[in-house]
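> return atomic coordinates for the entry below.
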Amino acid sequence: MLLRRSFVAVLALAAATPASAHGPTGHGPSGGRPGDPGQVTRTVEVTATDNAFSLKVLDVRDGETVRFVVRNTGIDPHEFIIGTITEHAEHRRMMKEMIDRQKKDGHVHSMTSMEHEGGVWIEPGKTASFVWIFARTPDLEFACNILGHYEDGMRGEIYFIP
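Now for the predicted structure:
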């Protein structure tokens with residue numbers, strides 16, 4: 001746990017790289033696009049603890065506009081990002097490369113907030129929200145890609161229903 005927290009500042013910067021700010025693969029996330037707050041049909045509230053989301057699975061309709069309100073009650077920052085399994089894996093790979101590079105260079109950076117297309121970054125004790133229009137996409141999930149968080153279970157599947 002101490003080791004994980006020691007990298008939080010580095011991870012925050014890694015998550016803020018231009019590629020991840022526009023989705024896990026740098027071209028915008030799969031599964032939809034940012035939505036108009038005036039078109040929201042449903043609000044989904046999510047709590048992020050130290051190693052889990054309160055939401056485990058999400059059922060959505062193709063074209064549905066959802067507002068996500070994510071509250072972080074844990075001691076570490078978290079992100080809540082929508083993307084495919086492959087995009088999340090790429091995002092984690094890029095974050096690990098940033099950490100490795102910064103450890104090698106001896107530089108540690110910090111950050112207080114950031115934006116993601118397809119998600120949000122949430123500092124401990126804070127709440128963040130975003131609006132998303134879903135588009136039917138295979139292998140879609142929500143996740144926190146901070147080193148070790150995904151592996152600890154901070155992810156969930158998104159299913160498209162008729």
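
> let me know the pLDDT of residue 111.
At residue 111, the model reports a pLDDT of 42.

> strands of the protein, start to end?
Taking DSSP state E as the test, the strands found in the chain are 32-34, 42-48, 57-60, 65-72, 78-84, 115-116, 119-122, 127-134, 140-143, 155-160.

> highest average neighbour count across those?
Among the strands of the chain, the stretch with the highest mean neighbour count (mean count of other C-beta atoms under 10 Å) is strand 78-84, at a mean of 27. For every residue, glycine as well, the C-beta is placed using N, CA and C.

> who's in contact with it?
15, 23-25, 29-32, 46, 48, 53, 68, 70, 72, 88, 91, 116, 118-122, 128, 132, 137-146, 149, 154, 158 (C-beta atoms under 8 Å, 6 or more residues apart in numbering).

> in its sheet, what does it sit against?
Strand pairing for strand 78-84, using DSSP bridges, gives strand 119-122 (antiparallel), strand 140-143 (antiparallel).

> export the last one to CSV, keeping only CA atoms.
Looking back up the chat, that one is strand 140-143. Taking Å, rounded to 0.1, in the frame of the first residue of the first chain, the C-alpha atoms of strand 140-143 are listed here in CSV:
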residue,chain,number,x,y,z
LEU,A,140,-16.7,-2.1,-23.3
GLU,A,141,-15.9,-1.5,-19.7
PHE,A,142,-15.3,1.3,-17.1
ALA,A,143,-12.1,1.3,-15.1
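
> model confidence over it, on average?
In this model, strand 140-143 has a mean pLDDT of 98.

> got the contact list for it?
Contact with strand 140-143 is made by 30-31, 53, 55, 58, 80-85, 88, 119, 149-150, 154-158, 160, as judged by C-beta under 8 Å, 6+ apart.

> could you redo the last one with a cut-off of 7 Å?
Contact with strand 140-143 is made by 30-31, 58, 80-82, 84-85, 88, 150, 154-158, as judged by C-beta atoms under 7 Å, 6 or more residues apart in numbering.
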